[in-house]
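Asker: coords below, sequence missing:
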């Protein structure tokens, strides 16, 4: 991989590993609708001018139905659930639970007609990953906050399902303009509840910094860097960074927010990450797929957006 590829890879590992920390900070000062509206509106405002270059939006609206479904499952629903859950859960636990998305994607793919057979290694990965989720979630389900755990798992399920829509119904749609339009749609959906729950006083500088980071770095910049990474190293290699995001999420929560690093978190970390790697192995091995066409088309390998 080139030096530029390594730099982009490191950036994506960091950029999509810290949103859980920023969400945890932001929900202490603003409502969930305000948080998601700020993130989607600013992200759309940055990406739409880029999407308008060269007439990239031409003809894209004929795909409005699958695009709306994709936006609902990739942004509108999961970003609400994730932000609401982090009002009660630590950011490190949330990041680890979301790491189960690749495992869920394999299950959803099988349930919706994926013809690829699962060998013993991939079945082992599924079992390990689910065991890791059980180790992490069991204490909360017994006596903590079961609904928040359910919200995060539903988020992971959304992230596992949305790429199937992209692969089957939106494979000919360029990713950048589609992402910009989906963020714009989400901003429109969240505008009314955001207005109704707008804070009476200006939030603290810490909260405003978290909102700015979510919108500018973890949303707008993240997608720009992600598309550049795909062009540089190819789709399969680009997605390896998703295995490092939970490492960043746990480290950020422990170092910045003094969240606990318990034996159950370490055990679940090893199980979920190891299970994800095994469950998503292709028969040809990872890293063999060529880069997508110049239009940066979305595939079933699109990673979850935290």
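Answerer: Structure's in. What do you need? These numbers were taken from a predicted model, which means no experiment stands behind them. Numbering: from 1, shown residues only.

Asker: List the residues that contact residue 71.
Answerer: Residue 71 sits next to 181-182, 185-186 when contact means C-beta atoms under 8 Å, 6 or more residues apart in numbering. Just so you know, the C-beta spots here come from the backbone N, C-alpha and C atoms, and that holds for glycine as well.

Asker: Present these as TSV; the columns should include neighbour count, secondary structure and distance to residue 200.
Answerer: Putting the contacts of residue 71 into TSV (neighbours: other C-beta atoms under 10 Å; DSSP: H, G, I helix; E, B strand; the rest coil; distance: C-beta to C-beta, whole Å) gives the following:
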residue	neighbour count	secondary structure	distance to residue 200
181	24	helix	33
182	23	helix	31
185	20	helix	28
186	25	helix	25
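
Asker: Return the closest of those with respect to residue 217.
Answerer: For those, the closest approach to residue 217 (C-beta to C-beta) belongs to residue 186, at 17.7 Å.

Asker: Residue 247 and residue 18 touch, don't they?
Answerer: No. Applying C-beta atoms under 8 Å as the test, residue 247 and residue 18 come out as separate, 11.4 Å apart.

Asker: Which one of these two is surrounded by more residues?
Answerer: Using other C-beta atoms under 10 Å, the more surrounded residue of residue 247 and residue 18 is residue 18, with 25 against 16.

Asker: wouldn't that one be in contact with residue 222 here?
Answerer: No. Because the distance of 10.1 Å does not satisfy C-beta under 8 Å, residue 18 is recorded as not touching residue 222.

Asker: how many other residues sit next to residue 72?
Answerer: When neighbours are counted by other C-beta under 10 Å, residue 72 registers 18.

Asker: for the stretch 101-250 of the chain, what spans make up the helices?
Answerer: 101-111, 120-143, 146-169, 175-196, 205-212, 222-233, 235-238, 245-257 (DSSP state H, counting those that start in this stretch).

Asker: Distance to residue 11 and mean pLDDT added to those helices, as CSV?
Answerer: Formatted as CSV, those follow (distance: least, C-beta to C-beta, whole Å; pLDDT from 0 to 100):
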stretch, distance to residue 11, mean pLDDT
helix 101-111, 20, 76
helix 120-143, 26, 76
helix 146-169, 20, 88
helix 175-196, 17, 94
helix 205-212, 18, 96
helix 222-233, 5, 82
helix 235-238, 12, 60
helix 245-257, 11, 87
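
Asker: Could you dump those into TSV and include distance to residue 78?
Answerer: Conversion of these to TSV gives the following (distance: least, C-beta to C-beta, whole Å):
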stretch	distance to residue 78
helix 101-111	10
helix 120-143	17
helix 146-169	4
helix 175-196	10
helix 205-212	18
helix 222-233	15
helix 235-238	21
helix 245-257	15
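
Asker: Please name whichever of the ones you listed is nearest to residue 40.
Answerer: Closest approach to residue 40 among those (C-beta to C-beta): helix 175-196, 4.1 Å.

Asker: The closest one: which residues count as buried?
Answerer: Within helix 175-196, the residues that count as buried by 16 or more other C-beta atoms under 10 Å are 175-187, 189-190, 193-194.

Asker: Give me the packing partners of it, helices and strands only.
Answerer: Helices and strands in packing contact with helix 175-196 are listed as helix 32-52, helix 64-71, helix 222-233; criterion 3 or more C-beta pairs under 8 Å, 6 or more residues apart in numbering; DSSP states H and E.

Asker: out of those helices, which comes closest to residue 208?
Answerer: Relative to residue 208, the nearest member of the helices and strands packed on helix 175-196 by C-beta to C-beta is helix 32-52, separated by 9.5 Å.

Asker: From the rest of the structure, what touches the closest one?
Answerer: By C-beta under 8 Å, 6+ apart, the list of residues contacting helix 32-52 from outside reads 23, 26-27, 30, 57, 75, 79-80, 83-84, 87, 176-177, 179-181, 183-184, 186-187, 190-191, 193-194, 196-199, 211-212, 214-216, 218-221, 223-224.

Asker: rewinding a little: among the helices of the stretch 101-250 of the chain, which is nearest residue 69?
Answerer: Comparing the helices of the stretch 101-250 of the chain by their distance to residue 69 (C-beta to C-beta), the top pick is helix 146-169, with 5.5 Å.

Asker: Look up phi and psi at residue 202.
Answerer: In this entry, residue 202 is assigned phi and psi values of phi -60, psi 130 (degrees, to the nearest 10).

Asker: How many neighbouring residues does it have?
Answerer: Other residues near residue 202 come to 9 when the count uses other C-beta under 10 Å.

Asker: got it, and the one 10 residues further on?
Answerer: A count of neighbours around residue 212, defined by other C-beta under 10 Å, yields 15.

Asker: Specify which member of the contacts of residue 71 is nearest to residue 166.
Answerer: Ranked by distance to residue 166 (C-beta to C-beta), the contacts of residue 71 are led by residue 182 at 10.3 Å.
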